[in-house]
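Engineer: no sequence for this one, just the structure:
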């Protein structure tokens with residue numbers, strides 16, 4: 001692979017620095033064009049879109065449980081952004097208190113909690129569903145999660161574990177791939193065909209043939225009213241999900257039970273867990289606005 005930090009010679013000719021610059025600029029332009037095209041498919045007017053804000057938010061969301069501290073160089077590589085862009089974002093976020101310098105790296109600052117807090121306190125679904133998740137987790141001795149669609153992912157807005165389980169890994173705010181998880185497939189099944197197609201084209205990264213196959217799979221989920229997925233997000237783990245609908249029938253979230261395949265069989269998930277999930281979703285519907 002061509003590395004701009006090294007000097008290359010081919011048949012006695014040294015690649016000048018300008019070649020490196022041109023290639024870098026071309027790469028960035030191509031990536032930005034792809035992002036702009038995705039936004040156009042998603043219905044966003046490019047003239048109203050702030051790429052600087054987008055990149056700042058990308059920096060914030062790059063941190064997670066496995067990467068609590070990241071250097072400027074690590075962020076640039078992870079996000080495929082120029083180091084100068086990442087530097088400006090970090091300086092601004094540091095000034096605002098959203099990230100904190102930590103030796104030669106950065107970590108999230110406590111002010112980030114104000115963003116999550118604002119969402120959770122103003123989102124009635126989280127308030128209504130969290131106690132339900134707590135009850136189902138204890139009753140079924142399995143994890144119970146509610147999620148909403150967020151681009152290519154399903155993001156958890158309520159989460160409960162049985163008392164014996166260690167709270168490792170996933171939690172509120174955790175993302176799972178929408179096209180590979182029971183939560184995500186149910187959320188996608190709640191979109192009408194046109195919106196679903198636009199969403200998959202913009203976010204799945206799949207070619208036309210793969211998108212068509214995925215649309216058939218999602219249509220089957222919509223017809224069944226639930227989704228069962230095993231070994232996709234995590235080996236040895238399976239889950240089953242149903243839509244959460246508001247009072248007018250519009251799907252606004254998904255409710256999921258997940259556990260190891262050793263603890264609960266697929267038959268048990270379908271015959272015992274699914275009816276309970278569906279009944280719970282039906283009881284919640286009048287409360288969801």
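Structural biologist: Thanks, I have the structure now. Since this is a predicted model, take the numbers as computed values, not measurements.

Engineer: which stretches of the stretch 101-250 of the chain have low pLDDT?
Structural biologist: 120, 165-170 (pLDDT under 70).

Engineer: what about residue 142, how many residues close to it?
Structural biologist: Residue 142 has 23 neighbours, counted by other CB atoms under 10 Å. (Glycine included, C-beta is placed from N, CA and C.)

Engineer: so the residue nearest to it when sequence neighbours are not counted, which of the three states?
Structural biologist: By the measure of CB to CB, 6 or more residues apart in numbering, the closest residue to residue 142 outside its immediate chain neighbours is residue 259, 3.8 Å from it. Counting by DSSP: H, G, I helix; E, B strand; the rest coil, the backbone at residue 259 sits in strand.

Engineer: just checking, residue 259 touches residue 238?
Structural biologist: Yes: between residue 259 and residue 238 there is a contact under CB atoms under 8 Å: 7.1 Å.

Engineer: What residues sit buried inside the helix or strand encompassing residue 53?
Structural biologist: If you go by DSSP states H and E, residue 53 is part of helix 51-61. Using 16 or more other CB atoms under 10 Å as the test for burial, helix 51-61 gives 55, 56, 58, 59.

Engineer: Nearest to residue 71 among those?
Structural biologist: Closest approach to residue 71 among the buried residues of helix 51-61 (CB to CB): residue 59, at 12.1 Å.

Engineer: Might you report the residue contacts of the closest one?
Structural biologist: 75, 79, 86, 89, 90, 93, 99 (CB atoms under 8 Å, 6 or more residues apart in numbering).

Engineer: quick one, what contacts residue 107?
Structural biologist: 63, 68, 69, 70, 99, 100.

Engineer: Kindly recompute the last result at 7 Å.
Structural biologist: 63, 68, 69, 99, 100 (CB atoms under 7 Å, 6 or more residues apart in numbering).

Engineer: cool, residue 93 as well?
Structural biologist: 56, 59, 60, 99.

Engineer: And for residue 188?
Structural biologist: 178, 196, 199, 218.

Engineer: now with 8 Å?
Structural biologist: 149, 178, 179, 196, 199, 200, 218, 221.

Engineer: likewise residue 63?
Structural biologist: 70, 107, 108.

Engineer: distance of it from residue 112?
Structural biologist: 9 Å (CB to CB, to the nearest Å).

Engineer: so which strand or helix has residue 138?
Structural biologist: Using DSSP H and E, the element containing residue 138 is helix 124-140.

Engineer: oh, I was asking about residue 144
Structural biologist: Using DSSP H and E, residue 144 falls in strand 143-150.

Engineer: same check, this time on residue 91
Structural biologist: Going by DSSP H and E, residue 91 is in helix 83-96.

Engineer: From the contact counts, what lies against the following helix or strand past that helix?
Structural biologist: Per DSSP H and E, the first helix or strand lying C-terminal to helix 83-96 is strand 99-102. Contact here means 3 or more CB pairs under 8 Å, 6 or more residues apart in numbering; DSSP states H and E; on that basis strand 99-102 packs against helix 83-96, strand 105-108.

Engineer: Residue 261: neighbour count?
Structural biologist: Residues near residue 261, counting by other CB under 10 Å: 14.

Engineer: Settle this for me: it is touching residue 235, isn't it.
Structural biologist: No: with contact defined as CB under 8 Å, residue 261 does not count as touching residue 235 (9.4 Å).
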